[in-house]
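1. kindly generate the corresponding structure for this input.
(2 chains, ligands or ions: 2)
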Amino acid sequence: MAVETKLPFDKEYIEQFSNTLNEPNWMRSLRLQALEQAETLEMPKPDKTKITRWNFSDFKHEYTTGETIPSLQELPDVLKDYFDQDNLPENLLIQRNHTVAYAALKDELKDKGVIFTDIFTAMKEHSDLVEQYFMNNAVSVDQNRLTALHAALVNGGAFIYVPKNVEIEEPLQVVFWQEDPELALVNHVIVVADENSKLTYVENYVSSNVEEQTVANIVEEVFAHNNAKISYGAVDNFAEGTTSYVNRRGVAYDNATIDWALGQMNEGNTVSENITHLIGNGSTSKANAVTVGRGTQIQNFTANIVQHGKGTDGFILQRGVMKEKATTIFNAIGKIEHGGSGSNSEQESRVLMLSADARGDANPILLIEEDDVTAGHAASVGRVDPLQMYYLMSRGLKKEEAERLVIHGFLAPVVSQLPIESVKKQLTQVIERKVY
Amino acid sequence: MSGSVLEIKNLHVSIEDKEILKGVNLTIKGGEFHAIMGPNGTGKSTLASAIMGHPKYEVTEGSITLDGEDVLEMEVDERARAGLFLAMQYPSEISGVTTSDFLRSAINARREEGDEISLMKFIKELDKDLEYLEIDQNMATRYLNEGFSGGEKKRNEILQLMQLKPEIAILDEIDSGLDIDALKVVSKGINKMRGEDFGCLIITHYQRLLNYITPDFVHVMMQGRVVKSGGPELAKRLEAEGYEWIKEELGIEDETVEQNA
Ligand SMILES: Nc1ncnc2c1ncn2[C@@H]1O[C@H](COP(=O)(O)OP(=O)(O)OP(=O)(O)O)[C@@H](O)[C@H]1O
Ligand SMILES: [Mg+2]
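-> Ligands and ions are numbered 1, 2, ... in the order given. Down below sits the predicted model:
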């Protein structure tokens, strides 16, 4: 295979783009360096999915603004489903194309030093802090061609920082809305919970492009410092025309926790990797993910928890429902590094097939380099149990309704992990829409 | 007005090409309680499954009608909505679906669209039946049958019976695995259903259950047929003497289906 090295964007374009955003110098040089690296780096190689023919480089990128949303009572229809009108979030950021359409953060949190803003504002107002975390300790620019391309072309994102000893009960929610159907979203999210802090973050990716082809190249870096706890929820819902690369990375220090609940409901081809490094002793992570595949979409999900510290706990739970001619690969990798004694690692991946033409694969992998550990894994690819259907239908439920219950039940262990009630509802709705 | 009539005529049923039922005749009317007894493996559950439409059982001959309607032409869910109910010997576990969500869907499945039961009314009635059956409130929020003990599953079947209020119910070994107290509670639930509009077919091995639920008719099943019918006294005699005398009376050597296959 010949690596396509020509990029549709050159140095001048990047420089100009960075200038438009009035970025600090470090970011400009990082972009330019990344552009050079992108030319020689290889594409990522997700296990068991060939992405060489996927479009990751041909897209519209230029800086595009979006109209502001004056109040949540006047939400555009596309976004209405994402909110519970009776329980609107108080801390919310809506990014529309490349600009902020709505931003709210409770005064009380501002006073405590919480930063909750779009990534470009953060680069200006908290340049050192952003520089410290931006593709330094979690995802590196040169991981592959797409991460380098990402660094060169970032055109959206959010920065969240919760200072030491600050515990936030109410969630921080961000909606990334790609309103322009041709626009690529190269989105970068950084979430930092400083020592002894606590936060719940939830994000939504939304687009409606069915015919128009574009790309989402997303990198998210999540840091939980000593004794911090991050509860992280996401519902990805890019439309059919978007090819997505999603790289979510967590780093947890001593006794820190990062729990993920990912609703991976894109309609287009998707490669998603969710890697968490449990660096500190006693750190823990749960990586929960669900997906529904339909049409002819191809998806590859890798969840990987790398356990470095002593007495760490990593638990991966993946559930997928496959319809029509969809293909989904689940890779669940638990790794306990040398020195990670007293740790526990578990993976469970299950795929439910609703059609004979769908393809699903669940690969749990355990890599253990330490003796004193516990580990376990389970995987299955199966069909709806006819006896369950018989039982439910014998109570009067129509076939579709019985199947609906079985599917929701199958996905429930992950859906129930989502940290916000309204987002849980929303994911349930998206599942409903995709399954029927 | 009296209840429904379930009529089974000359029913032959095979499973995996093996004939299990060889001509069963039975009529159950609203207001009547029937008991079916018989040694293991003689086709009792097969009869129940065939009536409900279990996918593995194939009816090769005969008919089943409910108020004159051809039951065999109906899908499983249509049979249920027509008024049939089967408390299964081995209920399925449905992970991720709470008992109450399931029950509400099942109740609404019998109602017209737009006429769904209100959440308040549903909860009220569910609480009432839970209390009547001495079932812990938390069962409603547990996943349907998942991790339930044998006795809890049986109670849950009766809970469903009480909530769904069918015209004709078949209870397949509803008493198996129940302790004495549970047996009383379950019987109480079934007896509460008694009335002109409710007919019931109780499959059991033990007279014990019939001490609490007095049947109007008792049938004995052997070799895939109803070989003897009578009143409650028949059950008492079976309890005391076993099945040997019937076999002698009818000249049967082995009561199971197996031998004749
Ligand atoms: N899936 C199957 N494959 C083959 N034979 C079967 C199958 N299911 C049932 N049978 C046979 O059909 C016969 C009748 O079974 P059935 O379950 O109806 O008996 P039963 O009267 O309910 O017995 P019990 O009192 O033990 O519950 C038995 O010989 C049984 O082995
Ligand atoms: Mg039986």
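2. which pLDDT value belongs to residue 182?
-> By default, I'm working from chain A. pLDDT for residue A:182: 95.
3. right idea, wrong chain: chain B
-> Looking at residue B:182, its pLDDT is 93.
4. next up, phi/psi of residue A:188, please.
-> phi -120, psi 120 (degrees, to the nearest 10).
5. check what pLDDT it gets.
-> In this prediction, residue A:188 has a pLDDT value of 98.
6. so who does it touch?
-> Applying C-beta atoms under 8 Å, 6 or more residues apart in numbering or on different chains to residue A:188 gives the contacts A:119, A:134, A:150, A:154, A:156, A:157, A:218, A:219, A:220, A:221. In short, each C-beta sits where N, CA and C put it, glycine included.
7. tally of neighbours for the closest residue in space to it that isn't next to it in sequence?
-> Of all residues not flanking residue A:188 in the chain, residue A:157 sits nearest, at 3.7 Å (C-beta to C-beta, 6 or more residues apart in numbering or on different chains). Residue A:157 has 24 neighbouring residues, counting by other C-beta atoms under 10 Å in any protein chain shown.
8. make JSON lines out of the contacts of residue A:188 and add secondary structure and pLDDT.
-> Output for the contacts of residue A:188, formatted as JSON lines (DSSP: H, G, I helix; E, B strand; the rest coil; pLDDT from 0 to 100):
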{"residue": "A:119", "secondary structure": "helix", "pLDDT": "98"}
{"residue": "A:134", "secondary structure": "coil", "pLDDT": "98"}
{"residue": "A:150", "secondary structure": "helix", "pLDDT": "97"}
{"residue": "A:154", "secondary structure": "coil", "pLDDT": "97"}
{"residue": "A:156", "secondary structure": "strand", "pLDDT": "97"}
{"residue": "A:157", "secondary structure": "strand", "pLDDT": "98"}
{"residue": "A:218", "secondary structure": "strand", "pLDDT": "98"}
{"residue": "A:219", "secondary structure": "strand", "pLDDT": "98"}
{"residue": "A:220", "secondary structure": "strand", "pLDDT": "98"}
{"residue": "A:221", "secondary structure": "strand", "pLDDT": "98"}
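9. circling back: so what's the residue nearest to residue A:188 up against?
-> Residue A:157 is in contact with A:95, A:118, A:119, A:120, A:187, A:188, A:189, A:190, counting by C-beta under 8 Å, 6+ apart.
10. rerun that using 7 Å as the cut-off
-> For residue A:157, the contact set (C-beta atoms under 7 Å, 6 or more residues apart in numbering or on different chains) comprises A:118, A:119, A:187, A:188, A:189.
11. if you rank those residues by neighbours, which is first?
-> Within those, neighbour counts (other C-beta under 10 Å) peak at residue A:187, which reaches 25 neighbours.
12. list the contacts for it?
-> So residue A:187 contacts A:156, A:157, A:176, A:218 (C-beta under 7 Å, 6+ apart).
13. phi, psi of the nearest residue to residue A:197 once chain neighbours are set aside?
-> Closest residue to residue A:197 in three dimensions, ignoring its sequence neighbours and counting by C-beta to C-beta, 6+ apart: residue A:162, at 4.4 Å. With angles defined as degrees, to the nearest 10, residue A:162 sits at phi -110, psi 120.
14. what about residue 97, neighbour count?
-> In the absence of a named chain, this looks at chain A. Residue A:97: 19 surrounding residues under other C-beta under 10 Å.
15. chain B is the one I meant
-> Residue B:97 sits with 25 neighbouring residues when counted by other C-beta under 10 Å.
16. still on that earlier bit, narrow the contacts of residue A:187 to those that are buried.
-> A:156, A:157, A:176, A:218 (16 or more other C-beta atoms under 10 Å in any protein chain shown).
17. make JSON lines out of those and add distance to residue B:54.
-> Formatted as JSON lines, the buried ones among the contacts of residue A:187 follow (distance: C-beta to C-beta, whole Å):
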{"residue": "A:156", "distance to residue B:54": "55"}
{"residue": "A:157", "distance to residue B:54": "55"}
{"residue": "A:176", "distance to residue B:54": "49"}
{"residue": "A:218", "distance to residue B:54": "49"}
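18. and the next helix or strand past the host helix or strand of residue A:377?
-> Per DSSP states H and E: residue A:377 is located in strand A:374-383. Remark: after strand A:374-383, the chain's next helix or strand is helix A:386-393, criterion DSSP H and E.
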